[in-house]
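1. Sequence and predicted structure are below.
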Amino acid sequence: MTKKLLFILTITFYMSLSYINAQGLYIDIQTGYNVGMNSYIPNFYNSSDASVTNSSSSNIKTIAPVTLGSGFNFAGNIGYMITKNMGTELGFSYQIGSKSKADNTFYDGSNFFHQTTSIYANNCQIIPTLIFTLGLEKLNPYVKVGLLMNIGTITINSTDGYHSQEMKLTNGFDVGLLTTVGIVRKVTDKISVFGELRIINSNCTPLKGTIVSDTYYGNDNLPYLTTNDKEIIYGNTSEATQSSEPSQQLKTSYSINSVGINLGLKIKI
């Protein structure tokens, strides 16, 4: 409820800017790439059977690095400079996530299997910020600090040559922080270009999981799965449910922390 109220208040505040003198209004468009910081996901690891590696150990497992915050982003802002040194912005951003992968090789007694699992996150973000500048004419450094409201979808794909499955984790809404340091260069009275370093500190906490694809030796296996097999509701409790009901599991927050560089174009209205 608190997150929804925050969202409504933010949108209402920025809509009210349309009634303010448009002298300080501007828009910008930008794009860039974020490098995610490693995060740990349970049961996401690399492993190989001893019969493949000739190791004395029966099974070797290593944690697979996961960077759900990595990927290209496309963003836009509408802003208003209250004074030459301080302003406010409302930003919208969409991130296309880069895949993290884990490889597992195992032997079932008669055959070798190689399983590959990938995971990535696509994120829609609403970002209200405060901006502070030195107010210089040509090259103007600035700092932004704001909230990052994230709606994310996590996709997990796995295949071992005969069984392939795709699951989507959705319905999460998280609030994090965005800190930006940049510099803008004036080209004309109306147009400027800029570059900035963006630091994101946030999570993606799905509330629902759905298997959207399941094939076995090339045949569609999805119709044969029960609701309990293919749907998951994530919450604060975990309990057994009927086959006709979604399973219930404890919710997990996945880190989408990242550092990125964006380049953009700013236009005064």
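-> Perfect, I can see it now. Residues are numbered from 1 along each chain as shown.

2. what is residue 91 paired to in the beta sheet?
-> residue 77, residue 127 (DSSP bridges).

3. Residue 73 is in contact with that one, correct?
-> No - applying C-beta atoms under 8 Å, one finds residue 91 not in contact with residue 73, separated by 10.6 Å. In this view, the C-beta of every residue, glycine as well, is placed from N, C-alpha and C.

4. Let me know the secondary structure of the residue sitting furthest away from the middle of the chain.
-> Within the chain, residue 110 marks the point farthest from the mean C-alpha position, 40.6 Å out by C-alpha atoms, centre = their mean. Using DSSP: H, G, I helix; E, B strand; the rest coil, the structure places residue 110 in coil.

5. what do you get for residue 229?
-> helix.

6. Let me know how buried it is, in neighbour terms.
-> 15 (other C-beta atoms under 10 Å).

7. Leaving out sequence neighbours, find the closest residue to it.
-> Nearest-residue entry for residue 229: residue 211, 7.3 Å, with adjacent residues in sequence omitted and distances by C-beta to C-beta, 6 or more residues apart in numbering.

8. what about the one you found, which helix or strand?
-> strand 208-216 (DSSP states H and E).

9. Residue 32 now?
-> Judged by DSSP H and E, residue 32 forms part of strand 25-36.

10. for that strand, packing partners?
-> Counting contacts by 3 or more C-beta pairs under 8 Å, 6 or more residues apart in numbering; DSSP states H and E, strand 25-36 is packed against strand 71-81, strand 191-201, strand 258-268.

11. closest one to residue 157 among these?
-> strand 71-81 (15.9 Å; C-beta to C-beta).

12. how about the closest one: buried residues?
-> Of the residues in strand 71-81, 71, 73, 75, 77, 78, 79, 80, 81 count as buried by neighbour count, 16 or more other C-beta atoms under 10 Å.

13. For the fourth one, give me its contacts.
-> Residues touching residue 77, when contacts are defined by C-beta atoms under 8 Å, 6 or more residues apart in numbering, comprise 27, 28, 30, 89, 90, 91, 92, 127.

14. Looking at these, which is nearest residue 229?
-> residue 92 (36.6 Å).

15. For the closest one, report the pLDDT, please.
-> According to the prediction, residue 92 has pLDDT 97.

16. Report the spatially nearest residue to it, omitting neighbours in sequence.
-> residue 76 (5.6 Å).

17. any idea how far the one you found is from residue 202?
-> 19 Å (C-beta to C-beta, to the nearest Å).
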